[in-house]
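J.: structure of the sequence below:
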Amino acid sequence: MARAPLLQLSDISLTFGGDPVFHDLSLVVQPGDRLALVGRNGSGKSTLMKVMAGLVEPDRGERIVTPGTTVGYMEQEPDMSGFATLGDFAAAALEPAEQYRVEMASEGLKLDPARPVETASGGERRRAALARLMAEAPELMLLDEPTNHLDIEAIAWLEATLAQTGRAFVLISHDRAFLRTLTRGTLWIDRGEVRRQEEGFAGFEAWRDRIWEEEDTARHKLDRKIKAEAKWAVEGISARRKRNQGRVRALQDLRQERAAQIRRQGTAAMDLASGPKSGRKVIEAEGLSKRYGDRQIVRGLDLRVMRGDRVAFVGPNGVGKTTLIGLLTGEIAPDEGRVALGSNLVPAIFDQSRAALDPDLSLWENLTGDRDMRVSGQADQVLVRGQPKHVVGYLKEFLFDERQARAPVRSLSGGEKARLLLAKLMARESNLLVLDEPTNDLDVETLDLLQELLDDYDGTVLLVSHDRDFIDRVATTTVAMEGQGRATVYAGGWSDYRAQRGGEAPRTGPAKRKPASKPAPRPGAAPSQPVDALTFTERHRLEELPGVIDRLAAEIARLEEFLAQPDLYTREPVKFAKGSEALAERQQALAEAEEEWMTLEEKAEGAQSPGE
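T.: Numbers count the residues shown, from 1 in each chain. Below is the predicted model:
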């Protein structure tokens, strides 16, 4: 016997003072469903989830919950008034005999249940709301960005717990690895319409692109038909005294149909401009140590960052990743050791706390009030990579409309705040990007674009993130911070780090390019015995160089493919010249890296085989 659906939405329409968010929307959630809810920032994902939870009343339509079904929603900003501690809030709906569930969820999510509500941060409050939902375990769980404010260990716990549950859930997340692992179906919000596919997030992008391609084909055919009918109407005026009025009305209908088609929202016109080239060596740290009271942040770290490196810093929340970046960039003085910064560095910083944004000022004021972006005597202009632009025009490049320009920043969603901060950061030239949790709240399309920009960026990147997929896509080196001052350097991204330390972690991103068949010796194999003749820094560099060589080889292949376009030189001579210059630079860098590896490998082999 078929089981009744848990939740049904029928003919839902909702408008917030302007264009409709949804129109005639219908969907069904069945027992056992594991659904990814995806869509662009601002498409209405969180609003739809609140309608599903019964927290937002639609203008029209019906929400039906099967009698006896419990629906739980993880609130972004939970109301904790009347509760003394986070644990009291999380356990409020449980019987005393069931409150052990809160302790289990709190341990997995790294939540202190005894934390007073009045001193809890926003991230701790969200974790308490998530712990409450996990402990209550309703038949249908609605999870809106549950991985925000969780570190990788807590994400792994949540992923494993949801994978084992028999409950249905609908999940909004920017974390591709999380979505791919957990979901079996996809709800896609696109221009007020919700489509469903009975395949998890792993198949979403191919499905989306196929639908868009079909739309483009249909639109092109409609445009051709309108053009042909319009030509007939114009020519018919002189050829006939009396036109076929039915055909004229049909042409009007075609034009109305075309006008009613809602254009897809484009991707943000983000661009990263590299400033003057930095020195080849960007950061060199030797014996770096830092302690705050009884808390050891780092002890004896040696790290060399070269121009073009992408270094990811991973580890639990509170372990000191942001502090370590402050040490490496010279903002914080070490207790022991030294940090030498390379020449000609022009840094740009994306701060996870969004401190560069004043929540009480408008988007307009946040941009024009930035000293580095201000155009003298022009209140409506901002300086973007050395060129003045109208502030509204620049905001539109990041998908903000004119009405939002005068709205306070506090009214923006998390994804919109991240885009505004990227707009500030990308307005200036740089050759050292410090990105502290840049992926929080961004939709997958914007994350794709950010990754592409980082791939093409000529400078150096320091990245803090808990997004395993993004780290795999971007990082060439990973620094794992494991507490008590331990910071270990690994070549490659998250999956490479897990493989090298012996952990079992499925690859969460596109497979990295493996070294080609290699003569002996080739920079793919580390020495099998201790390398006493090498310093710690040289040893690390020897381990790091294979990843550098692979990255440069992949970049050279991409550039060669780009320059191979037969008409590129005549069509876009500037791009051809820049591509040729970049190719020569990377070929030189590859030769230098291979020579450096051979020198270090010979030195290591000499130490291992003194008799030869």
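J.: and stretch 208-220, which residues are buried?
T.: For stretch 208-220, a neighbour-count test (16 or more other CB atoms under 10 Å) marks residue 208 as buried. To be clear about C-beta, it is placed using only N, CA and C from the backbone, and glycine gets the same treatment.
J.: what pLDDT, on average, does it get?
T.: Mean per-residue pLDDT for stretch 208-220: 79.
J.: contacts only, for the residue nearest the centre of the chain.
T.: The geometric centre of the chain, computed from its C-alpha atoms, lies nearest to residue 439 (CA atoms, centre = their mean), at 3.2 Å. Neighbour list for residue 439: 174, 447, 450, 465, 467, 470 [criterion: CB atoms under 8 Å, 6 or more residues apart in numbering].
J.: quick one: what helix or strand has it in it?
T.: Counting by DSSP states H and E, no helix or strand carries residue 439.
J.: how about it: what's its closest non-neighbour residue?
T.: Distances taken as CB to CB, 6 or more residues apart in numbering put residue 467 closest to residue 439, at 4.4 Å, once the chain neighbours are dropped.
J.: and residue 343, backbone torsions?
T.: Reported as degrees, to the nearest 10, the phi and psi values for residue 343 are phi -90, psi 150.
J.: what's the nearest residue to it if we skip its chain neighbours?
T.: Counting by CB to CB, 6+ apart, residue 279 is the residue found nearest to residue 343 once chain neighbours are left out, at 3.9 Å.
J.: how about that neighbour, what does it touch?
T.: By CB under 8 Å, 6+ apart, residue 279 lies in contact with 307, 342, 343, 344, 345.
J.: columns secondary structure on top of those residues, output as a markdown table?
T.: Shown next, in a markdown table, are the contacts of residue 279 (DSSP: H, G, I helix; E, B strand; the rest coil):
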| residue | secondary structure |
| --- | --- |
| 307 | coil |
| 342 | coil |
| 343 | coil |
| 344 | coil |
| 345 | coil |
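J.: quick revisit: roughly how far does the residue nearest to residue 343 sit from residue 293?
T.: Note on residue 279: its distance to residue 293, by CB to CB, to the nearest Å, is 36 Å.
J.: could you point out the helix or strand that follows the helix or strand of the chain with the lowest mean pLDDT?
T.: Scoring the helices and strands of the chain by mean pLDDT, DSSP states H and E places helix 245-260 at the bottom, with a mean of 57. Following helix 245-260 in sequence order, the next helix or strand is strand 281-292 (DSSP H and E).
J.: with only the CA atoms kept, save that following strand in CSV.
T.: Once non-C-alpha atoms are left out, strand 281-292 reads as follows in CSV (Å, rounded to 0.1, in the frame of the first residue of the first chain):
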residue,chain,number,x,y,z
LYS,A,281,59.1,34.1,-3.0
VAL,A,282,56.0,35.5,-1.3
ILE,A,283,56.2,34.2,2.3
GLU,A,284,58.9,32.2,4.1
ALA,A,285,58.3,31.2,7.7
GLU,A,286,60.9,29.4,9.8
GLY,A,287,60.3,28.0,13.3
LEU,A,288,57.0,29.9,13.6
SER,A,289,55.4,29.6,17.1
LYS,A,290,52.6,31.4,18.7
ARG,A,291,50.8,30.9,22.0
TYR,A,292,47.9,32.7,23.8
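J.: which residues touch the next helix or strand after it?
T.: Going down the chain from strand 281-292, the next helix or strand is strand 295-306, by DSSP H and E. Where contact means CB under 8 Å, 6+ apart, the residues beyond strand 295-306 that reach it are 280-291, 311, 319-320, 323-324, 327-328, 337, 460, 462, 477, 479, 481, 484-487, 489, 536-537, 540-541, 544, 548.
J.: pull out the buried members of those residues.
T.: Among those, the ones that count as buried by 16+ other CB under 10 Å are 282-286, 288-290, 311, 319-320, 323-324, 327-328, 337, 460, 462, 477, 479, 481, 485, 487, 489, 540-541, 544, 548.
J.: does residue 399 really touch residue 419, like I thought?
T.: Yes: taking CB atoms under 8 Å as the definition, residue 399 is a contact partner of residue 419 at 6.6 Å.
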